[in-house]
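Asks: sequence and predicted model, in that order:
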Amino acid sequence: MTNITIRKVQLEDLDCIAKIEAVCFPEAEAAPRESFKKRITAFPDSFLVAETAENIIGFINGCVTNSPVIYDELYHNTQHHIPDGKNLTVFGLDVMPKYRRQGVAAQLMQHFIQTAKNAGRKGVILTCKDRLIHYYESFGYINNGISKSTHGNAQWFDMTLVL
């Protein structure tokens, strides 16, 4: 397992985060740099990075909403962030390929879930592709079926973790 530190994002992390996103997601699904800048400003408390002594190697981020599922506009407009909302969303869980299968994503997710609990949220929600359903179920998420989200022209599944 890689020795990492998990901390809240800082604006100076922006370029590194944008590069990681471009590596981890297809272009149609990847958030652009400007979107990350808005997210860092709007909801830094729910944007965590994982770093080694040398580099940021991954991150997890999402806004807060009262919606029981992620809808596409949440990805594009930080005005939908409701600071005292009941559900924390996961927009992306990104880990550089070199550091995958070493527990980095799991540590980010566990910290994110704890962040939601500490803030008194009722749940954590995300969408994922079919191949990742089992992974998220290992954290206690429940598969709610095919999502109405069409983000990146992909098929997504709604997942819910009740806290």
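Replies: Cool, the structure landed. Numbers count the residues shown, from 1 in each chain.

Asks: where does this protein have low pLDDT?
Replies: Within the chain, the segments meeting pLDDT under 70 span 1-2.

Asks: using the three-state scheme, assign Thr89.
Replies: strand (DSSP: H, G, I helix; E, B strand; the rest coil).

Asks: quick one: it from Pro68, how far?
Replies: Thr89 sits 11 Å away from Pro68, going by Cβ to Cβ, to the nearest Å. (Glycine included, C-beta is placed from N, CA and C.)

Asks: what is Thr89 paired to in the beta sheet?
Replies: Beta-bridge pairing for Thr89 (DSSP bridges): Ile125.

Asks: do a quick rundown of the strands in this protein.
Replies: Assigned by DSSP state E, the strands in the chain fall at 5-8, 47-51, 56-61, 64-65, 87-90, 92-95, 123-128, 142-146, 157-162.

Asks: same for the first one, what does it pack against?
Replies: Taking 3 or more Cβ pairs under 8 Å, 6 or more residues apart in numbering; DSSP states H and E as contact, the helices and strands that strand 5-8 lies on are strand 47-51, helix 104-118.

Asks: more neighbours: Thr89 and Pro68, which one.
Replies: More crowded of Thr89 and Pro68, by other Cβ atoms under 10 Å: Thr89, with 26 against 13.

Asks: just to check, that one is in contact with Ile125?
Replies: Yes: taking contacts as Cβ atoms under 8 Å, Thr89 lies within contact range of Ile125: 5.5 Å.
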